[in-house]
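Engineer: need the 3D shape of this:
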Amino acid sequence: MKDAETMTAETSYHFHVMRRALEEIDAAALAGEALSLDALAGRMQMSPAHFQRLFSQWVGVSPKRYQQYLALGHAKALLRDRFTTLEAASAVGLSGSSRLHDMFLRWEAMTPGEFAKGGAGLEIFWGWFESPFGPALVMATEKGICGIGFAAEAGAEVTMEDLLARWPDATFTEDPTALRPWVQAAFGETTGEARLYLIGAPFQIKVWEALLTIPTGHVTTYSEIAGAIGHPKAVRAVGTAVGRNPISWLIPCHRAIRKSGALGGYHWGLPVKRALLAWESARAEAG
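Structural biologist: Predicted coordinates:
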C-alpha cells in the first residue's frame, strides 16, 4: 500500500500535468480549435491510454469532460446551475454539503485587539507540502491553520514572503511534522478534523465566514456575499476581503465569481482558481 506522502506527490504530479494541458486547451480555444484525446495526450508526451487513465484517476471523469470544466465558459455554467444564495443558506442553517461539514472544519477567529498587534506574541509554525494543486505553504498556530498559499504560479519565494508579511510581528518556526495531521485532513488524505484560526479584521472575518457556507462544487457572487453579511453596497470591499483570504482552499474564495460569470481575480493565479473549480465540479459529478 502506498503511504500518504507518495499518494499526495502523485496527485500533485497529476495537477501539473493538467496545468500543462490547460495551457494547451486555452491556446487551442483562442485559435478556435478543440483538442482530441490523441492530440492532447501527444502534447503531454503520453500515450492516450495513459493520459486518460491519469485524468480519470484524478477526477473520476474523462479528459473530454474535464476539458469542458476547464473551458472559459465553465464559471458561467456554474453560475447558472450551481449558484448559492447565501442569505437563504444562512436562514436555514448550514446544509449537509456545506464546507464546514464536508471538510470537518472547526474554526475560531482572533479578536480585533489581537489582530491589531500584527501577530505580536503569536508563534506560527510552517511547512511545505505537496497538494493536489501544486506545492502548498501551510502555516498554523496552536489553535489551527492560519495560512495556505499555492506556489504553482507565484513561486515558493513570493508565496513565503506573502504569508510572512501578513503577520509581521509573529514568531515563525518551521515544523511540518506538527502540521501534518491538519494538512492531511485539509487535503482529504484522512478523515480527521482540520482546524482553522482566522486572523483578520472583523469585516474580513465576516466575509470569510460567508465563504465557508458555499457548498463544494457551487459558486456565488461578490454581491451575494456583500448582502449576506449585511453590507449590500460594499461589493468592492468584499472583493478585497476575498482576495486577502489567507487560508486558500479551506476558506473557498475560489468559489466567488462576478455576476457576469467572469472568474474575477485569484491571489495565487487564475490557472489555480480554474483548476480548483474544475477539480471540485468533476468530483461532484463523479460522486
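Engineer: quick check: phi and psi at E123.
Structural biologist: With angles defined as degrees, to the nearest 10, E123 sits at phi -100, psi 120.
Engineer: likewise L212?
Structural biologist: Dihedral angles (degrees, to the nearest 10) for L212: phi -70, psi -20.
Engineer: was I right about it contacting C253?
Structural biologist: No - with contact defined as Cβ atoms under 8 Å, L212 and C253 do not form a contacting pair (10.4 Å). C-beta here means a position set from N, CA and C on the backbone, and glycine is covered the same way.
Engineer: what sits closest to G243 if chain neighbours are left out?
Structural biologist: Nearest residue to G243, sequence neighbours excluded (Cβ to Cβ, 6 or more residues apart in numbering): H267, at 5.4 Å.
Engineer: now the one you found, what's its secondary structure?
Structural biologist: H267 falls in the coil class when you classify it by DSSP: H, G, I helix; E, B strand; the rest coil.
Engineer: can you check Y197 too?
Structural biologist: strand.
Engineer: bridging residues for it?
Structural biologist: Counting by DSSP bridges, Y197 is bridged to E108.
Engineer: wait, it sits on C146?
Structural biologist: Yes - taking contacts as Cβ under 8 Å, Y197 lies within contact range of C146: 4.7 Å.
Engineer: quick check: neighbours shared by these two?
Structural biologist: Taking Cβ atoms under 8 Å, 6 or more residues apart in numbering as the criterion, Y197 and C146 both touch A140.
Engineer: re the thing from before, out of L212 and C253, name the residue with the larger neighbour count.
Structural biologist: A direct count of neighbours by other Cβ atoms under 10 Å for L212 and C253 places C253 higher, at 28 against 19.
Engineer: what sits against that one?
Structural biologist: 211, 242-243, 245, 266-267.
Engineer: quick one, helices of the stretch 101-250 of the chain?
Structural biologist: Using DSSP state H, counting those that start in this stretch, the helices of the stretch 101-250 of the chain run over 112-116, 151-154, 156-166, 176-186, 202-211, 222-228, 235-243.
Engineer: possible to save the ones you listed as a markdown table with mean neighbour count?
Structural biologist: Shown next, in a markdown table, are the helices of the stretch 101-250 of the chain (neighbours: other Cβ atoms under 10 Å):
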| stretch | mean neighbour count |
| --- | --- |
| helix 112-116 | 12 |
| helix 151-154 | 20 |
| helix 156-166 | 15 |
| helix 176-186 | 18 |
| helix 202-211 | 20 |
| helix 222-228 | 22 |
| helix 235-243 | 19 |
